[in-house]
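just coords:
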């Protein structure tokens, strides 16, 4: 039943009373905002080469004709180069993915094979989450982790290319992940640092940047940042987020926060962490109310923040259709997305695969099912 006026007044009083307990939290967040406001720095542009890579959205690129479900993994860079392409059946077992990292297999993904070969592990050895593939309630999470792992493999592969000039490799999302085992990620970090160092010896700076559209830190601090007018500047600006403030905004383990520089070894002398990023909040626009983005720089590049964020500004200011957001990411999105017509063609391919082993009578039955059993209600609203 609807809320009567008396009930509405009662619940209004209770909501306002409950909010009073949140006031100390807001005041604490405002103190954080005042703290970082004192460290705001202007951004000076630096020209550079920027390349990004993006995975096609998994939820929009799923083929199905019950009971068959096919998950697509497609990653394209901002120059239109396809970096990885895979199709995984919904009932696949974890071992099915191991072929993707094995040299000579027709289903091999080159970036993933390079990563697995360097680490000397199978694909399923990269993550505990992949063990959930094919299990009810866990398969979706396993596919999400697999897509993330392939993205990191593409990042790793891009760092092995020869770059003729200073380049920023831009990842959509922060430079941290829960997909890899905690003892595996430090090995990836070690090799990434080595490749960046090798480029620098050739007098070429290759920097890794992660840019997200949202983060727990930004969401948590949003009201406080606005009330304290932290980014109300008539010029592009940025600020480093102190680790103690960042920690206050998360409610899970420190492996998401810790890098090699901030973690402590365990009893076996191993460093266990899942991040290489140092968090900054960045406004690329020159108006007070332009959007603020969470940006991760590689921890070892922290001292180079003015240059790298200045290079990112050069890529972000021409951003379209999202203003003041890295254009390289937006280009990669345009190349990676699979449009409706393409999905229809792929759906037909799946249907042909279903039909191949059937007899003529069975094919007729399936054809009738597909075209005569179409949901008329959906068609009505589609054509409205």
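Perfect, I can see it now. Everything quoted here is computed from the prediction, not taken from an experiment.

give me the helices and strands touching the lengthiest helix in the chain, please.
The longest helix of the chain (DSSP state H) is helix 139-158. With contacts taken as 3 or more CB pairs under 8 Å, 6 or more residues apart in numbering; DSSP states H and E, helix 139-158 sits against strand 49-55, strand 68-77, strand 82-89, helix 110-119, strand 167-172, helix 185-201. For every residue, glycine as well, the C-beta is placed using N, CA and C.

now render these as JSON lines, adding mean neighbour count.
Listed next are those as JSON lines, based on neighbours: other CB atoms under 10 Å:
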{"stretch": "strand 49-55", "mean neighbour count": "23"}
{"stretch": "strand 68-77", "mean neighbour count": "21"}
{"stretch": "strand 82-89", "mean neighbour count": "17"}
{"stretch": "helix 110-119", "mean neighbour count": "19"}
{"stretch": "strand 167-172", "mean neighbour count": "23"}
{"stretch": "helix 185-201", "mean neighbour count": "16"}
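
could you give the average pLDDT over the longest helix of the chain?
Per-residue pLDDT over helix 139-158 has a mean of 95.

picking that back up, confidence-wise, which of the helices and strands packed on helix 139-158 is weakest overall?
Among those, strand 68-77 scores lowest, with a mean of 87.

what's it packed up against?
strand 49-55, strand 62-65, strand 82-89, helix 139-158, helix 327-336, helix 340-355.

ok so, going back, and of the helices and strands packed on helix 139-158, who's closest to residue 360?
Between residue 360 and these, the tightest spacing by CB to CB is seen for strand 68-77, at 20.6 Å.

mind listing residues that contact that closest one?
Contact with strand 68-77 is made by 51-56, 58, 61-64, 82-91, 143, 146-147, 150-151, 154, 158, 332, 335-336, 338, 350, 354, as judged by CB atoms under 8 Å, 6 or more residues apart in numbering.

between it and helix 327-336, how big is the angle?
Interaxial angle, strand 68-77 versus helix 327-336 (axes from the mean of the first three to the mean of the last three CA atoms, to 10 degrees): 140 degrees.

format the helices and strands packed on helix 139-158 as CSV; extra columns: distance to residue 22.
CSV is the format used below for those (distance: least, CB to CB, whole Å):
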stretch, distance to residue 22
strand 49-55, 37
strand 68-77, 41
strand 82-89, 44
helix 110-119, 45
strand 167-172, 33
helix 185-201, 36
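
wait, which of the ones you listed is closest to residue 283?
Among those, strand 167-172 comes nearest to residue 283, with 17.1 Å by CB to CB.

and that closest one, what does it pack onto?
strand 49-55, helix 139-158, strand 206-211, helix 305-316, helix 327-336.

mind putting these into CSV with distance to residue 104?
Shown next, in CSV, are the helices and strands packed on strand 167-172 (distance: least, CB to CB, whole Å):
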stretch, distance to residue 104
strand 49-55, 25
helix 139-158, 18
strand 206-211, 30
helix 305-316, 38
helix 327-336, 27
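
to residue 13, which of these lies closest?
Nearest to residue 13, of those and by CB to CB, is helix 139-158 at 41.6 Å.

of all the residues in the closest one, which ones are buried?
Within helix 139-158, the residues scored as buried using 16 or more other CB atoms under 10 Å are 139, 142-143, 145-158.

and for stretch 318-325?
For stretch 318-325, by 16+ other CB under 10 Å, it's 319, 324, 325.

and the residue nearest to the last one when sequence neighbours are not counted, how far from residue 293?
Computed as CB to CB, 6 or more residues apart in numbering, the closest residue to residue 325 that is not its neighbour in sequence is residue 319, at 4.4 Å. Separation of residue 319 from residue 293 (CB to CB, to the nearest Å) stands at 10 Å.

same check, this time on residue 209
Taking CB to CB, one finds residue 209 at 11 Å from residue 293.

ok, residue 224 next?
Distance from residue 224 to residue 293, by CB to CB: 17 Å.

tell me which of those two has more neighbours.
Using other CB atoms under 10 Å, the more surrounded residue of residue 224 and residue 293 is residue 293, with 23 against 20.

where does the protein dip in pLDDT?
1-6, 57-61, 64-68, 252-255, 370-384 (pLDDT under 70).

show the end-to-end separation of stretch 197-207, please.
The first residue of stretch 197-207 is 10 Å away from its last residue (CA to CA, to the nearest Å).

what about that stretch, distance to the chain center?
For stretch 197-207, the separation from the chain centroid amounts to 25 Å (computed by CA atoms, centre = their mean, to the nearest Å).

do stretch 116-129 as well
Distance of stretch 116-129 from the chain centroid (CA atoms, centre = their mean) equals 20 Å.

list the contacts of the most centrally placed residue in the chain.
Taking CA atoms, centre = their mean, the centroid of the chain lies closest to residue 173, which sits 3.7 Å from it. Residues near residue 173 by CB under 8 Å, 6+ apart: 151, 210, 211, 212.
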